[in-house]
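Asker: With the input below, show me the fold.
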Amino acid sequence: MEKLTNGTWVLIADGEKALFLRNDLDGDIPVLNVVREEAQDNPKDIDQSANKPGRMQDTGVGQRSAMDDTDWHQLAKERFADDLADILYKQAHKHKFERIVLVAAPQVLGELRNKMHKEVASKVVAEVPKTLTNHPLDKVAEVIRNDLAAA
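Answerer: Residues are numbered from 1 along each chain as shown. Take a look at the predicted model:
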């Protein structure tokens, strides 16, 4: 359970919301306290799309093909991962944390890994591929403690 020592940060994120937490006790009985909260307004893609997908002229006479529309919802999630990576870099640079556990859906974890600066990546002590952003903090601490103990 050495991964969740006193002072270790925990980032819990999905594509729209993130909680930056700090463990204020040891790993056996973690007590997670909110350090920072981030959220972005990211409506469903259909609510963000202005028009129906376009069409373009094909090679044949009178033939037209549909074009894929931009998935604005997915794009916003990827940008949120960029924002989180920037926040983590700035906080690491200010020496706010020396160790961090990342808790996020697998897709979000992948995006974060791709965007994360090597200075932050070197401080990651564990990853938990689960979405826990809407769970109470005591439940989050229990899930993380159990996942890290099993690893």
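Asker: alpha carbons only for contacts and neighbour counts from here, please
Answerer: Will do.
Asker: Where in the chain is the helix or strand with the lowest mean pLDDT?
Answerer: Least confident element among the helices and strands of the chain, by mean pLDDT, DSSP states H and E: helix 45-48 (a mean of 49).
Asker: Chain neighbours aside, what residue packs nearest to residue 109?
Answerer: Once flanking residues are discounted, residue 109 sits nearest to residue 129: 7.1 Å by Cα to Cα, 6 or more residues apart in numbering.
Asker: From what I see, the one you found and residue 106 are in contact.
Answerer: Yes: counting by Cα atoms under 8 Å, residue 129 touches residue 106, with 5.1 Å between them.
Asker: Where does residue 113 sit: helix, strand or coil?
Answerer: Secondary structure for residue 113, judged by DSSP: H, G, I helix; E, B strand; the rest coil, is helix.
Asker: tally of neighbours for it?
Answerer: 16 (other Cα atoms under 10 Å).
Asker: Next one: the nearest residue to it once chain neighbours are set aside from residue 137, what distance?
Answerer: Leaving out its chain neighbours, the residue that sits closest to residue 113 by Cα to Cα, 6+ apart is residue 121, at 7.6 Å. Counting by Cα to Cα, to the nearest Å, the gap from residue 121 to residue 137 is 24 Å.
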